[in-house]
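K.L.:
Sharing a model that was predicted from the sequence below.
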Amino acid sequence: MKPEEEPSDKEAENTEEVIETVEEMEVRRAREKRAIDKERWKPKTGTGKKVWEGTIADIDALIDNGIKILEPEITDLLLPNLETDLLLIGQSKGKFGGGKRRVFKQTQKKTQEGNKPKFATFAVAGNNDGYVGVGYGKSKETVPAREKAIRNAKLNIIKIRRGCGSWQCGCKGPHSIPFTVEGKCGSVILRLMPAPRGTGLCVEHECQKILKLAGIKDVWSKTRGQTGSKYNLVRACMAALQKLITMKLSSRYHEPLGMVEGSIAKTTEVKQNE
Ligand SMILES: [Zn+2]
């Protein structure tokens, strides 16, 4: 009997160890990825060198002071959970209904040798928690266009202000936006309105991708103009999100609206420490 019992005890011990390592594994992987990124990257700008050394460990230090990010690796290091996605801004050509939405917008220049195609795309980068950016990339081939777009998205990262401005909800949680904002580009006007918990993102599909990566969960919207031109729609969406943070609001409204600037995780940590 005893030899049988011993292995079971060992197994139990092993599983406990495994659980511990699983919890730590994510942290360790993130740290390893960070180390690899750091080794490959040789910073060129002064800001980049400070980030590499660790003098600047918070992206707020850059965004709040209006310091321009000129190297995409800065965003990679300071926002470890960054995700990227491509927006469908183009259309495939063809008969029989064609016009299927595509990632790349294909345009052509007529030359003596024939048609010279170019590809353009929009990328969105965000950490699902208060930071998001979009970038436009154009090239003669698809792959460099995508790389340029992702790079630009990382350079154009902005901070989002979240809260609950819905009178139907009033939960003081940062699941929606604190007040109505409007963005405009070309003929497109996009209005984002606070919505109660559980509403979801009631916006056009490409804007949904942006708002999801920004960490906003519930929102209502209204658009006006030629929203079929996705370039203008995406720009209008970013203009609206920019207004969330640029609008000046007396601090007495912060608490009733449940307002959080940037990352929720970081803000709760700071509050707990206080
Ligand atoms: Zn609410």
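P.N.:
Happy to help now that I have it.
K.L.:
Residue numbers of the stretch 151-274 of the chain in contact with the ion?
P.N.:
Residues of the stretch 151-274 of the chain found near the ion (Cβ under 5 Å from the ion) are Cys164, Cys169, Cys171, Arg197. In this view, the C-beta of every residue, glycine as well, is placed from N, C-alpha and C.
K.L.:
list the contacts for the residue of the stretch 1-150 of the chain found nearest the ion?
P.N.:
The stretch 1-150 of the chain approaches the ion most closely through Gly130 (16.7 Å), counting by Cβ to the ion. Residues in contact with Gly130 (Cβ atoms under 8 Å, 6 or more residues apart in numbering) are Lys159, Ile160, Arg162, Ala214, Gly215, Val260, Glu261, Gly262, Ser263, Ile264.
K.L.:
In CSV: the residues of the stretch 151-274 of the chain next to the ion, plus neighbour count.
P.N.:
Listed next are those as CSV, based on neighbours: other Cβ atoms under 10 Å:
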residue, neighbour count
Cys164, 25
Cys169, 19
Cys171, 12
Arg197, 15
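K.L.:
Apart from its neighbours in sequence, what residue is nearest the residue of the stretch 1-150 of the chain closest to the ion?
P.N.:
In space, and not counting its chain neighbours, Gly130 is closest to Gly262: 4.2 Å by Cβ to Cβ, 6 or more residues apart in numbering.
K.L.:
quick one: the one you found and Tyr131 touch, right?
P.N.:
Yes - the criterion here is Cβ atoms under 8 Å, and Gly262 meets it with Tyr131 at 6.5 Å.
K.L.:
what is in contact with the two at once?
P.N.:
Shared contacts of Gly262 and Tyr131 (Cβ under 8 Å, 6+ apart): Lys159, Ile160.
K.L.:
Show me the strands in the stretch 1-150 of the chain, by range?
P.N.:
83-87, 90-91, 101-102, 105-110, 115-126, 131-139 (DSSP state E, counting those that start in this stretch).
K.L.:
how many other residues sit next to Lys138?
P.N.:
Lys138: 15 surrounding residues under other Cβ atoms under 10 Å.
K.L.:
my guess is it meets Ala120, correct?
P.N.:
Yes - using Cβ under 8 Å, Lys138 is in contact with Ala120, at 4.1 Å.
K.L.:
Can you pull the residues that touch both of those two?
P.N.:
Jointly contacting Lys138 and Ala120 under the rule Cβ under 8 Å, 6+ apart are Ala145.
K.L.:
Which of the contacts of Gly130 fall in helices?
P.N.:
Among the contacts of Gly130, the ones falling in helices (DSSP state H) are Ala214, Ile264.
K.L.:
With distance to Asn273, neighbour count and pLDDT added, can I get the contacts of Gly130 in JSON lines?
P.N.:
What follows is the contacts of Gly130, written out as JSON lines (distance: Cβ to Cβ, whole Å; neighbours: other Cβ atoms under 10 Å; pLDDT from 0 to 100):
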{"residue": "Lys159", "distance to Asn273": "21", "neighbour count": "19", "pLDDT": "93"}
{"residue": "Ile160", "distance to Asn273": "23", "neighbour count": "24", "pLDDT": "93"}
{"residue": "Arg162", "distance to Asn273": "21", "neighbour count": "26", "pLDDT": "93"}
{"residue": "Ala214", "distance to Asn273": "26", "neighbour count": "25", "pLDDT": "93"}
{"residue": "Gly215", "distance to Asn273": "22", "neighbour count": "21", "pLDDT": "92"}
{"residue": "Val260", "distance to Asn273": "16", "neighbour count": "22", "pLDDT": "88"}
{"residue": "Glu261", "distance to Asn273": "17", "neighbour count": "20", "pLDDT": "87"}
{"residue": "Gly262", "distance to Asn273": "16", "neighbour count": "23", "pLDDT": "84"}
{"residue": "Ser263", "distance to Asn273": "15", "neighbour count": "23", "pLDDT": "84"}
{"residue": "Ile264", "distance to Asn273": "15", "neighbour count": "16", "pLDDT": "82"}
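K.L.:
And the contacts of Gly130, which is closest to the ion?
P.N.:
Taking the contacts of Gly130 together and measuring to the ion by Cβ to the ion, the closest member is Arg162, at 10.5 Å.
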